[in-house]
Structures are given as C-alpha cells and as structure tokens.
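**Student:** The following block contains a protein sequence and its predicted model.
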Amino acid sequence: MPYVDVSDHVLLGGFIQRLGERIAKDLSVQVSFVETPNKRIEESLRSGRIHLICNSNPEWMMDASTYHWSPPLLEEEDVLLQHRDSPPIAGLSDLRGKVVGTSLGYAYSMPLMEAFANNEVVRKDVRDLDTRLNLLSRKRLDAVIDMRRSLTYELALHPNPAVVFSPWVVDRYLLHCAYGSHLPVPAERLDVALQSLRDSGELDRLLQGEQRRAGLQVR
C-alpha cells in the first residue's frame with residue numbers, strides 16, 4: 001500500500017485497483033487483476049496472461065522497447081530506512097559492506113544494482129515489508145529500500161521508533177503503465193483515458209484516498 005493491498009493472493013484494495021475500476025468504467029470494458037511475480041511480468045505481458053501493468057518504468061524492463069508505454073502517471077522515489085542508532089546513510093559510499101533489505105525480483109537504480117552485482121553492497125531479498133522492517137529493528141539489516149509512499153504508509157499504520165528515513169534519495173522516477181501486444185483495446189484510446197485522469201487530478205485524488213486510509217495527512 002498505498003498501491004496494492006493483497007492478502008492470500010487476492011487484491012483487496014489500493015490505488016491500482018481503484019485505477020483499474022475507473023478505467024473499466026471510462027472505457028466500458030471488464031477488468032480483472034492477476035497477481036504476477038516481478039520476475040514473470042515481462043513473460044506475462046508477452047503471452048497475454050496480463051495485458052498491462054500500471055506501476056512500472058521502462059528502466060525496469062529487459063525488453064522495454066517491445067511494450068507500449070502510457071503517459072507518465074505519478075512521480076515516485078526509492079528511499080532507505082535505517083536504524084535510528086546508525087550513522088546517516090547519505091550516499092552509496094555509506095552503504096558499502098552493508099546489508100540492504102530488498103524486494104524479490106525488483107530492479108533499483110543502476111549504480112545500486114552494480115554495487116549489488118559487485119558484492120560491494122549485500123542484497124537481501126525479503127518477500128514482505130513487515131519482515132524487512134522487523135529485521136531492521138533488530139539490526140539484522142542495515143537498511144531497507146522501497147518506494148517512499150509505501151514506507152510512509154507502513155510507518156503511519158505501524159509506527160516504529162527504531163527506524164528513520166535516510167537523507168539519501170536513491171532514485172527518482174515516473175510510474176507508467178506498460179501494455180503488452182495482446183491489449184484488447186487500442187493503446188491510444190487507453191493513453192487518452194489515462195492522461196485525462198492525470199491532467200484532471202483524478203489520479204492524485206485516487207492515490208490520496210488510499211493514503212488517508214493510513215491516517216496520512218495529504219497536501
């Protein structure tokens with residue numbers, strides 16, 4: 001959250017569900033939601049198992065040029081949480097030799113991915129955010145990386161005095177929808193609908209509605 005609320009492989013709510021329902025209404029189509037592991041997203045887009053994913057970025061895809069990309073929907077950033085008792089992590093150099101809790105199959109900024117590949121920083125894939133934060137509180141991780149909105153939402157629901165945000169913004173990016181070749185409506189028609197929702201402020205309102213569920217103040 002605030003992007004997806006999943007329990008026992010069922011989507012219960014979140015921005016993506018609200019967006020899908022709104023698009024279904026605007027385009028007079030039926031929409032279903034299919035849980036898809038990060039590592040199977042591109043395979044699923046190619047095969048038609050899923051038609052689109054709406055919290056993605058071309059830099060995260062191996063074959064990004066083969067998909068149709070929607071207009072940008074939202075801005076987001078990857079940030080770190082660290083233990084309150086640890087020195088501030090102000091840049092990549094401060095991470096060297098440390099263990100970072102990550103999401104399974106998720107791609108991060110190129111410099112950080114290179115540091116993982118070169119074993120300069122240890123990547124520890126942990127399936128869910130709650131577990132990552134628990135490990136960080138017990139100092140079994142040195143940091144946790146995730147989207148700022150997701151971390152802010154989680155800490156609003158479950159305050160954790162042992163952790164704080166690092167001052168370093170690891171990466172800033174735009175979120176788009178990626179459409180596979182089996183999309184059952186014209187891509188241009190979907191582009192127009194999404195851009196209209198963005199330009200009217202409706203996307204921000206949908207997202208703010210999910211953030212308010214955690215008691216977050218939204219400006």
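**Tutor:** Perfect, thanks for sending it. Residues are numbered from 1 along each chain as shown.
**Student:** Backbone dihedrals for the nearest residue to L112 once chain neighbours are set aside, please?
**Tutor:** Closest residue to L112 apart from its sequence neighbours, by Cβ to Cβ, 6 or more residues apart in numbering: V170 at 6.2 Å. No exception for glycine: its C-beta is placed from N, CA and C like everyone else's. Per-residue torsions, V170: phi -70, psi -40 (degrees, to the nearest 10).
**Student:** what residues are up against R140?
**Tutor:** Shown here is R140, whose contacts under the criterion Cβ atoms under 8 Å, 6 or more residues apart in numbering are V99.
**Student:** and the gap between the residue nearest to L112 and G209?
**Tutor:** Taking Cβ to Cβ, to the nearest Å as the measure, V170 falls 27 Å from G209.
**Student:** Over to P71?
**Tutor:** P71 is 21 Å from G209, by Cβ to Cβ.
**Student:** Break this protein into its domains for me.
**Tutor:** As recorded under automatic domain parsing, the domains making up the chain are 5-74+173-212, 77-171.
**Student:** Mind putting these into JSON lines with mean pLDDT?
**Tutor:** Listed next are the domains of the chain as JSON lines, based on pLDDT from 0 to 100:
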{"stretch": "domain 5-74+173-212", "mean pLDDT": "95"}
{"stretch": "domain 77-171", "mean pLDDT": "96"}
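**Student:** tally of neighbours for the residue nearest to L112?
**Tutor:** The burial count assigned to V170 is 22, neighbours taken as other Cβ atoms under 10 Å.
**Student:** From V79, how far out is it?
**Tutor:** The gap separating V170 from V79 is 6 Å, by Cβ to Cβ.
**Student:** Which neighbours do the two have in common?
**Tutor:** Joint contacts of V170 and V79 (Cβ under 8 Å, 6+ apart) are I145.
**Student:** ranges for the strands of the chain?
**Tutor:** For the chain, applying DSSP state E gives strands covering 5-7, 10-13, 52-56, 68-69, 74-83, 99-102, 122-125, 143-147, 163-179.
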